[in-house]
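Enquirer: below are the sequence and a predicted model; questions follow.
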Amino acid sequence: MKLERTLVLIKPDGVKRGLIGPIMERYERAGLKVIAMKMVTASRDQAMSHYPVNEEHMQLMGEKSLKTYVEYGLDPIEYIGTNNPLEIGKMIREWNSEYLSSGPVVAIVLEGIHAISNVRLLTGNTLPTFALPGTIRGDFSIDSPALANSRKRAVINLIHASGEPEEAEREINHWFTSDEIHTYKRSDEDVMF
C-alpha cells in the first residue's frame, strides 16, 4: 500500500463561504488523516511561488484555456488580447496568484493510502462546471473557465489539491515547516486499513 502525503488549500472563496468544516469532513470521513493545518493569508509572493514557473506548465494551461474559448465560440484576442498559449498561461498564473492571496486560506497536509489520487477524486474536476455531483466542487461550486476568462480572473474552485508526489512534496515544503507536521495514529486506522 502506498502511504502518501498531499497538500490541500481551502481557497479564499471556501473560507469566506464557511465551507472549511464540510470540506474537511469529506476528507476525514474517507479515512484521510490531517497531519498539519493552519490558516494563513498568503502574500502575493507566497501565492506566486506556489505556482510553477515552468513554461511547459504555463503553455499547457494556455492550451486548455484556448480550447475553452473555441468550445464556447469566443475570440480570445477580443477577450484577453492574445491567442498565444504561453502568454495566456502566464496570465492565468497571475490570476491564480491574485485569487490565492485575496483572503485567508486554510493549508492542510493530509496523509493516507494513495492520498494524492484519493483527495483529487473527492475534490472533483478542477473546473467546477465539469465536477461530478458528490465531489466537493460538484456539490459546492459551478464556476466555469469561460466565465473566468471573460472576467480576466481565476476559476473560483474552492480548493487546490496537489496532483502528483513531486508537486505534493514541493507544495508541503512551501506552506509548512517540518515541525508543523505531526505524526499520530487515528483510532480507526486498524479497522480501515
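Expert: The structure has been received and is ready for your questions. The model shown is predicted, which means the values in this text are computed figures rather than measured ones.
Enquirer: tell me how far the helix-or-strand element of the chain with minimal mean pLDDT lies from the chain's centre.
Expert: Taking mean pLDDT, DSSP states H and E as the measure, the chain has helix 189-192 as its least confident helix or strand, at a mean of 81. Distance, stretch centre to chain centre, for helix 189-192: 28 Å (C-alpha atoms, centre = their mean, to the nearest Å).
Enquirer: partners of the residue nearest to the spatial centre of the chain in the sheet?
Expert: A centroid search over the chain (C-alpha atoms, centre = their mean) returns H160, at 1.3 Å, as the residue closest to the centre. According to DSSP bridges, the residues that bridge with H160 are L9.
Enquirer: now do the helices in this structure.
Expert: Taking DSSP state H as the criterion, the chain carries its helices at 12-16, 20-29, 44-50, 55-71, 76-80, 85-100, 115-123, 136-140, 145-150, 165-175, 189-192.
Enquirer: starting at the chain centroid, how far to the second one?
Expert: On the basis of C-alpha atoms, centre = their mean, helix 20-29 is displaced by 15 Å from the centre of the chain it belongs to.
Enquirer: what does that helix contact?
Expert: With contacts defined as C-beta atoms under 8 Å, 6 or more residues apart in numbering, helix 20-29 is touched by 8, 10, 14, 34, 106, 108, 110, 119, 122, 136, 140, 158-159. C-beta here means a position set from N, CA and C on the backbone, and glycine is covered the same way.
Enquirer: next one, pLDDT for the nearest residue to R120 once chain neighbours are set aside please.
Expert: Leaving out its chain neighbours, the residue that sits closest to R120 by C-beta to C-beta, 6 or more residues apart in numbering is A161, at 5.3 Å. For A161, the model assigns a pLDDT of 98.
Enquirer: and what of A146?
Expert: pLDDT, A146: 80.
Enquirer: check the gap between it and R29 for me.
Expert: Remark: distance between A146 and R29 (C-beta to C-beta, to the nearest Å) = 33 Å.
Enquirer: what of K90?
Expert: Distance, K90 to R29, using C-beta to C-beta: 39 Å.
Enquirer: the two - which one has more neighbours?
Expert: Comparing K90 with R29 by neighbour count (other C-beta atoms under 10 Å), the higher total belongs to K90, at 18 against 9.
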